[in-house]
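Q: coords below, sequence missing:
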């Protein structure tokens with residue numbers, strides 16, 4: 001049986017923190033590969049066009065053969081739900097044990113997700129601690145056990161573990177803010193991504 005991770009998000013833009021999380025998942029579990037799934041039209045978020053986020057992901061991951069970028073979110077109309085993404089990916093990968101790579105803040109919301117009770121049991125959950133500080137690991141464990149208890153009360157089991165990675169104070173919102181102010185983002189994102197952002201004028205005050 002192969003072991004594959006799914007890493008979903010807006011990636012607006014992808015940065016070194018994302019790459020560190022994915023690489024840690026590869027080596028810690030270990031996984032055969034990580035499939036990056038950029039959201040096509042995320043609800044409640046204003047993001048740059050999918051084609052730009054897709055291209056930046058391609059540039060950032062192309063030198064790692066264990067990384068694959070999926071366009072599966074573009075193949076469905078309407079609201080995209082995580083369980084649909086996993087089911088669609090599963091149809092193309094037989095005999096696979098799935099892992100979902102997720103941030104702590106998002107993990108807390110799984111009990112409210114569409115068909116969350118089903119999804120919780122369909123994969124293992126690899127949790128990245130808050131990269132900007134916030135909760136300690138001990139406090140984070142309490143949060144995760146609270147989520148586990150919520151599911152247990154509904155006779156649902158959820159398997160999770162933390163990714164053991166250094167805290168990196170980088171976020172996509174920080175990068176967008178720096179670009180908006182005309183400040184450098186060198187060393188926050190791969191150089192190929194920085195060049196792409198500059199060439200296309202993404203996130204600058206002029207692009208609004």
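A: Received, thanks. Since the structure is predicted, the reported quantities are computational estimates derived from the model, not experimental observations. Residues are numbered from 1 along each chain as shown.

Q: can you pull out the helices in the chain?
A: Per DSSP state H, the chain carries helices over the ranges 16-28, 50-61, 82-90, 104-107, 116-122, 137-152, 172-180, 191-200.

Q: Mind putting those into CSV with distance to residue 70 and mean pLDDT?
A: Just so you know, the C-beta spots here come from the backbone N, C-alpha and C atoms, and that holds for glycine as well. Formatted as CSV, those follow (distance: least, CB to CB, whole Å; pLDDT from 0 to 100):
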stretch, distance to residue 70, mean pLDDT
helix 16-28, 13, 95
helix 50-61, 10, 97
helix 82-90, 7, 94
helix 104-107, 18, 91
helix 116-122, 17, 97
helix 137-152, 26, 91
helix 172-180, 19, 96
helix 191-200, 18, 98
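
Q: out of those helices, nearest to residue 165?
A: Closest to residue 165 of the helices of the chain, according to CB to CB: helix 16-28, at 4.4 Å.

Q: how far is the closest one from where the chain is centred?
A: Remark: helix 16-28 is offset 10 Å from the chain centroid, using CA atoms, centre = their mean, to the nearest Å.

Q: hmm, who's touching it?
A: Contact with helix 16-28 is made by 5, 7, 9, 11, 31, 33-34, 36, 60-61, 64, 66-67, 99, 101, 126, 128, 131, 163-166, 168, 170-171, 187-190, as judged by CB atoms under 8 Å, 6 or more residues apart in numbering.

Q: sorry, back to before: possible to save the helices of the chain as a markdown table with mean neighbour count?
A: Below are the helices of the chain laid out as a markdown table (neighbours: other CB atoms under 10 Å):
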| stretch | mean neighbour count |
| --- | --- |
| helix 16-28 | 19 |
| helix 50-61 | 19 |
| helix 82-90 | 17 |
| helix 104-107 | 16 |
| helix 116-122 | 17 |
| helix 137-152 | 14 |
| helix 172-180 | 17 |
| helix 191-200 | 16 |
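
Q: Make TSV out of those helices and add distance to residue 71.
A: TSV is the format used below for these (distance: least, CB to CB, whole Å):
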stretch	distance to residue 71
helix 16-28	18
helix 50-61	7
helix 82-90	11
helix 104-107	22
helix 116-122	21
helix 137-152	30
helix 172-180	20
helix 191-200	18
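
Q: and of those helices, who's closest to residue 41?
A: That would be helix 50-61 among the helices of the chain, by CB to CB, at 7.5 Å.

Q: Return the angle between stretch directions for that closest one and helix 16-28.
A: 50 degrees (axes from the mean of the first three to the mean of the last three CA atoms, to 10 degrees).

Q: what angle do helix 50-61 and helix 191-200 make?
A: Using the same axes, to 10 degrees: helix 50-61 against helix 191-200 is 150 degrees.
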